[in-house]
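Q: with the input below, show me the fold.
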Amino acid sequence: MNTRHAVIDNPLGELTLVSDGAALIGLYFRHHWHRPPTQHFGPSIETTTDDVLAATRRQLTDYLAGERTDFEVPTRLDGNDTHRRIWQRLITIPYGQTLTYGELATELADGTTAQEVGAMVGRNPISIVVPCHRVVGKNGKLTGYAGGLQRKQFLLNLEEPAELREARLF
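A: Numbers count the residues shown, from 1 in each chain. Next comes the predicted model:
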């Protein structure tokens, strides 16, 4: 595998973007729960020297500025069939909406528990782009996030529809 990576700073802190040249294969926070060893990322490069990393950086900047609601970078999700099935489902959760771990487990209809779904969601290798932050606990409770609950709250607040945000103010 011909991987390479770049480390960028943004409002969420330091992020490591990992590319195989054709697709984004990793997006990790500095203290990510399930971050692979650095040697799996390949050499460190400037984002400008890799089209995938450059596009990811631009789109992340736009997303965090509230100017983008989805991502159009090619991704590759490596994992077993259940992991990929769950991660692909995360991509379909619309911007500004959430789903619970229990709802996701029910959708799978294969006996996977909400706790098992949570463990698999927590191993999502492409945070933010594959929006695992949109999965919440029962009754909308914030639980677990590989980048920390403050970042999860930040992302959910960023995506919160304006009418809901305004309603909370009054």
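Q: show me where the chain has its strands.
A: Secondary structure of the chain (DSSP state E): strands located at 4-10, 13-19, 24-29, 99-100, 135-136.
Q: and of the ones you listed, who's closest to Ala119?
A: Proximity to Ala119, assessed across the strands of the chain by C-beta to C-beta, is greatest for strand 135-136 (11.8 Å). From N, CA and C alone the C-beta is placed, and that goes for glycine too.
Q: so what's the gap between that closest one and the chain middle?
A: Strand 135-136 sits 12 Å away from the centroid of its parent chain (C-alpha atoms, centre = their mean, to the nearest Å).
Q: what is the neighbour count of the closest residue to Thr113 other than its chain neighbours?
A: Nearest non-adjacent residue to Thr113, counting by C-beta to C-beta, 6 or more residues apart in numbering: Ala105, 5.8 Å away. By other C-beta atoms under 10 Å, 19 other residues sit near Ala105.
Q: residues touching the spatially closest residue to His83 that is not a sequence neighbour, list them.
A: Of all residues beyond its chain neighbours, the one nearest His83 is Met120 (5.3 Å), with distances taken as C-beta to C-beta, 6+ apart. Shown in contact with Met120 (C-beta atoms under 8 Å, 6 or more residues apart in numbering): 82-83, 86-87.
Q: quick revisit: of all the strands of the chain, which one is nearest Arg76?
A: strand 24-29 (5.0 Å).
Q: quick one: work out the angle between that closest one and strand 4-10.
A: Strand 24-29 and strand 4-10 meet at an angle of 40 degrees, taking axes from the mean of the first three to the mean of the last three C-alpha atoms, to 10 degrees as the criterion.
Q: give me the distance from strand 24-29 to the chain's centre.
A: 8 Å.
Q: now stretch 3-13
A: 13 Å.
Q: then stretch 71-82?
A: Once both centres are worked out by C-alpha atoms, centre = their mean, stretch 71-82 turns out to sit 11 Å from its chain's centre.
Q: same deal with stretch 132-150?
A: 12 Å.
Q: measure it end to end?
A: 14 Å (C-alpha to C-alpha, to the nearest Å).
Q: regarding this protein, what is its longest helix?
A: In the chain, assigned by DSSP state H, the helix with the most residues is helix 51-64.
Q: identify the residues contacting it?
A: Here helix 51-64 makes contact (C-beta under 8 Å, 6+ apart) with 4-6, 8, 10-12, 15, 17, 19-24, 27, 45, 47-48, 68-69, 71-74, 128-129, 158.
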